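Colleague: below is the sequence, then the predicted model.
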Amino acid sequence: MRAVRCAALAVGGVHSHPMRARTLATARAASRRALCAKAATTDEKTVEVTNFVRNIIKNDLASGKHESIVTRFPPEPNGYLHIGHAKSICVNFGLAEEFGGTTYMRFDDTNPEKEEREYIDAILADVKWLGFDWKEKLTHASDYFDTFHEYAMLLIKEGKAYVDSLTPDEMREYRGTLTEPGKDSPYRTRSVEENLQLFQKMTSGEMEDGSAVLRLKIDMASPNMNMRDPAIYRIKRDAEHPQTGTKWKVYPMYDYAHALTDALEGITHSLCTTEFEAHRPLYDWVVENTPVQCTPRQIEFSRLNLQYTVLSKRKLIQLVREGHVHGWDDPRMPTLVGLRRRGMPPEALRLFVERTGVSKAENNIDYSVLEDCARATLDSDAPRVMAVIDPLKVWFRQLQGANPIALLATVCKGGTTGRSELRFTCMWAKAMFSTQCTFLDRSAPARVCLYVELLPRLPLAYVQVTVTSWPEDKVEMLEGAVHPKRPELGKRQVPFSRTLLIERSDFEEDAPSKFFRFKGVGSKVRP
């Protein structure tokens, strides 16, 4: 429970603990280098931004190894996509677009107990929101279940697979450790005929869940744990699959199905994150020992990690199911639907992936890099407006006196009779932007002090400043730029009347020394 609470605080980039995570200064440096390189020109020649995956693809196309490239984005439909998936989406779809290739939108749906139609629909919506289109290339691993089963039978006939009846605990014991080799299962020497009969019983639902698995016969002494006779089929008699229903009683394991699906779809470059690097020998073994026509190349790059942000799908599911957040689209969640609800534009995520780059180096990106991308994306298009979120109501009062006019500001707190005098000096501007302008009649610069009265009985505890010379029903429209850098977008109208609103947080009676807003005696403020 403690871990879940910590995770709940950490989602969405909230800095819940003062401990600094491993911040890679190289991430920001790489971001700056990428931007500079993209814009840099030397002798009218643009410097190309690249990475090791792009270089591999360019070399494969130049050498004639491939005429065109085919990539895929293969999520498991057992949860919503998060910002880490955005990197894989952008890399796979982006490289295919760049080199005129094709990308498959594929669901690796080999575990029906954790898969739901809701997740499938949400994933498709997220990929479209990021701006990518798979056209007619929407597939599922379950589309090839018959072929997977056929190849499993072929592996048994060739003596490369066997049905193992060890219990899960016994299988873990026989598997060995990182420092000790595994032991052969006593069922490893079963005949081909017996293995075919047992696998047929597994397929027809005659055997109990967990009573047997189909394993590859590779090497129990391999230093790579993934090569120690991995299981490729397990029994799930009562599972209902979103695509195939109850047709199948056995389901392929991910490593087996993933490699075969890549090969059957003609994937040229199977791009994945570095946690699958140790699985690559098994990936290659499956492709080499089955009669597929294509030999994909698996290439690993580092996953995206964001400081103070939970990106474990298992923990995100736990947060949702235990009610620590208000669903997958909670704005605090690092899911793509959560970021979308928070107001993050898809172009910002694509820029974020571009800036952080593609490499094998482990990273832990500062959350401010993502925020910078959002600002950079919105800056050129977002119109400028002013909003007061937590308002204090303000009226202006112009008292008699020499110019500049100096007024005392008084505060009445909590209905008490005592008053404390506060002196404010503020410069008013015609368009609310500059510090020197004319006041009301625009005849001369004026300084006014604020008469402040706190009314605690009102719902918003208004702060009031009144200018009695300004008519109650008069409203004058002032002009402000829609965008300071794009005058072609025109002007916006800003109403000026007897009443204004200021942020409640901009007033503090007992303010600290560096509180540069409305505060104590003798202070000055520029609105």
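Modeller: Cool, got the structure.

Colleague: so which bits of stretch 226-234 are buried?
Modeller: Counting neighbours by 16 or more other C-beta atoms under 10 Å, one finds that the buried residues in stretch 226-234 are 226-234. Every C-beta, even on glycine, is put in place using the N, C-alpha and C of the backbone.

Colleague: kindly reformat those residues as TSV containing distance to residue 481 and secondary structure.
Modeller: Putting the buried residues of stretch 226-234 into TSV (distance: C-beta to C-beta, whole Å; DSSP: H, G, I helix; E, B strand; the rest coil) gives the following:
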residue	distance to residue 481	secondary structure
226	60	helix
227	65	helix
228	67	coil
229	70	coil
230	64	coil
231	65	strand
232	64	strand
233	66	strand
234	64	strand
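
Colleague: could you dump those into TSV with distance to residue 106 added?
Modeller: Shown next, in TSV, are the buried residues of stretch 226-234 (distance: C-beta to C-beta, whole Å):
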residue	distance to residue 106
226	22
227	25
228	28
229	27
230	22
231	22
232	19
233	20
234	21
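
Colleague: so residue 109: helix, strand or coil?
Modeller: Of the three states, residue 109 takes coil under DSSP: H, G, I helix; E, B strand; the rest coil.

Colleague: center of the protein - which residue?
Modeller: Computing the C-alpha centroid of the chain and ranking residues by C-alpha atoms, centre = their mean puts residue 83 first, at 1.6 Å.

Colleague: from residue 375, how far off is that one?
Modeller: Per C-beta to C-beta, to the nearest Å, residue 83 is found 17 Å from residue 375.

Colleague: before we move on, the earlier item: and the residue nearest to the residue nearest to the centre of the chain when sequence neighbours are not counted, how many neighbours does it have?
Modeller: What sits nearest to residue 83 in space, not counting adjacent residues and going by C-beta to C-beta, 6 or more residues apart in numbering, is residue 334, at 4.9 Å. Residues contacting residue 334 under the criterion other C-beta atoms under 10 Å number 23.

Colleague: any idea how far residue 334 lies from residue 293?
Modeller: From residue 334 across to residue 293, the span is 39 Å (C-beta to C-beta).

Colleague: quick check: which element contains the closest residue to residue 345 other than its chain neighbours?
Modeller: Ranked by C-beta to C-beta, 6+ apart and with sequence neighbours excluded, the top spatial neighbour of residue 345 is residue 377, at 5.2 Å. Using DSSP states H and E, residue 377 sits within helix 367-379.

Colleague: buried ones in that helix?
Modeller: Buried residues in helix 367-379 (16+ other C-beta under 10 Å): 367, 369-370, 372-374, 377.

Colleague: ok, now stretch 313-321?
Modeller: If you call a residue buried by 16+ other C-beta under 10 Å, then stretch 313-321 has these buried ones: 313, 315-316, 318-320.

Colleague: isn't the residue nearest to residue 83 up against residue 309?
Modeller: Yes: counting by C-beta atoms under 8 Å, residue 334 does reach residue 309; the two are 5.1 Å apart.

Colleague: hang on, residue 107 packs against residue 74?
Modeller: Yes: using C-beta under 8 Å, residue 107 is in contact with residue 74, at 7.3 Å.

Colleague: what touches both of those two?
Modeller: By the contact definition C-beta atoms under 8 Å, 6 or more residues apart in numbering, residue 107 and residue 74 are jointly contacted by residue 141.

Colleague: residue 386 - that's part of a helix, no?
Modeller: No: Residue 386 is assigned coil when assessed by three-state DSSP, not a helix.

Colleague: now it: phi and psi?
Modeller: phi -120, psi 130 (degrees, to the nearest 10).

Colleague: what about it, distance to residue 289?
Modeller: For residue 386, the distance to residue 289 equals 67 Å [C-beta to C-beta].

Colleague: with neighbour numbers in mind, choose between the two.
Modeller: Applying other C-beta under 10 Å to residue 386 and residue 289 shows that residue 289 carries more neighbours, namely 16 against 9.

Colleague: now residue 54, nearest residue through space, not along the chain?
Modeller: residue 95 (6.5 Å).

Colleague: for the helix or strand harbouring the one you found, which positions count as buried?
Modeller: For residue 95, the element it lies in under DSSP H and E is helix 83-98. Using 16+ other C-beta under 10 Å as the test for burial, helix 83-98 gives 83-96.

Colleague: keeping just the C-alphas, turn that helix into PDB.
Modeller: Only the C-alpha atoms of helix 83-98 are listed here, as PDB (Å, rounded to 0.1, in the frame of the first residue of the first chain):
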ATOM      1  CA  ILE A  83       4.000   8.700 -22.700                       C
ATOM      2  CA  GLY A  84       6.600   5.900 -22.900                       C
ATOM      3  CA  HIS A  85       4.600   4.300 -25.700                       C
ATOM      4  CA  ALA A  86       4.500   7.700 -27.600                       C
ATOM      5  CA  LYS A  87       8.200   7.200 -28.300                       C
ATOM      6  CA  SER A  88       7.700   3.800 -29.800                       C
ATOM      7  CA  ILE A  89       4.800   5.100 -31.900                       C
ATOM      8  CA  CYS A  90       6.700   8.100 -33.200                       C
ATOM      9  CA  VAL A  91       9.900   6.000 -33.900                       C
ATOM     10  CA  ASN A  92       8.100   3.200 -35.800                       C
ATOM     11  CA  PHE A  93       5.500   5.300 -37.700                       C
ATOM     12  CA  GLY A  94       7.900   8.300 -38.100                       C
ATOM     13  CA  LEU A  95      10.800   6.300 -39.700                       C
ATOM     14  CA  ALA A  96       8.400   4.500 -42.100                       C
ATOM     15  CA  GLU A  97       6.900   7.800 -43.200                       C
ATOM     16  CA  GLU A  98      10.400   9.300 -43.600                       C
END
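
Colleague: tell me what that helix is packed against?
Modeller: The contact analysis (3 or more C-beta pairs under 8 Å, 6 or more residues apart in numbering; DSSP states H and E) places helix 83-98 against helix 52-63, strand 70-73, strand 102-107, helix 117-129, strand 269-273, helix 336-342, helix 346-356.

Colleague: just say which of those is most tucked in.
Modeller: Greatest average neighbour count among those goes to strand 70-73 (a mean of 25), per mean count of other C-beta atoms under 10 Å.

Colleague: thought residue 292 was touching residue 265?
Modeller: No: counting by C-beta under 8 Å, residue 292 stays clear of residue 265, with 10.1 Å between them.

Colleague: find me the pLDDT at the residue nearest to residue 345, would you?
Modeller: Here, the pLDDT recorded for residue 377 equals 94.

Colleague: repeat for residue 473
Modeller: You'll see residue 473 listed with a pLDDT of 82.

Colleague: what lies in contact with stretch 196-206?
Modeller: Applying C-beta under 8 Å, 6+ apart, the contact partners of stretch 196-206 are 149, 152-153, 156-157, 163, 190, 207, 212, 214, 233, 235, 237, 248-250.

Colleague: at 7 Å instead, please
Modeller: Residues outside stretch 196-206 that contact it (C-beta atoms under 7 Å, 6 or more residues apart in numbering) are 156, 163, 207, 212, 214, 233, 235, 237, 249-250.

Colleague: what about the helix or strand that contains residue 298, average pLDDT?
Modeller: Using DSSP H and E, residue 298 sits in strand 297-301. Taken as a whole, strand 297-301 carries a mean pLDDT of 97.

Colleague: now for that strand, which elements pack on it?
Modeller: Applying 3 or more C-beta pairs under 7 Å, 6 or more residues apart in numbering; DSSP states H and E, one finds that strand 297-301 contacts helix 52-63, strand 269-273.

Colleague: go again using 10 Å as the cut-off
Modeller: On a contact count with 3 or more C-beta pairs under 10 Å, 6 or more residues apart in numbering; DSSP states H and E, strand 297-301 meets helix 52-63, helix 83-98, helix 254-264, strand 269-273, helix 280-288.
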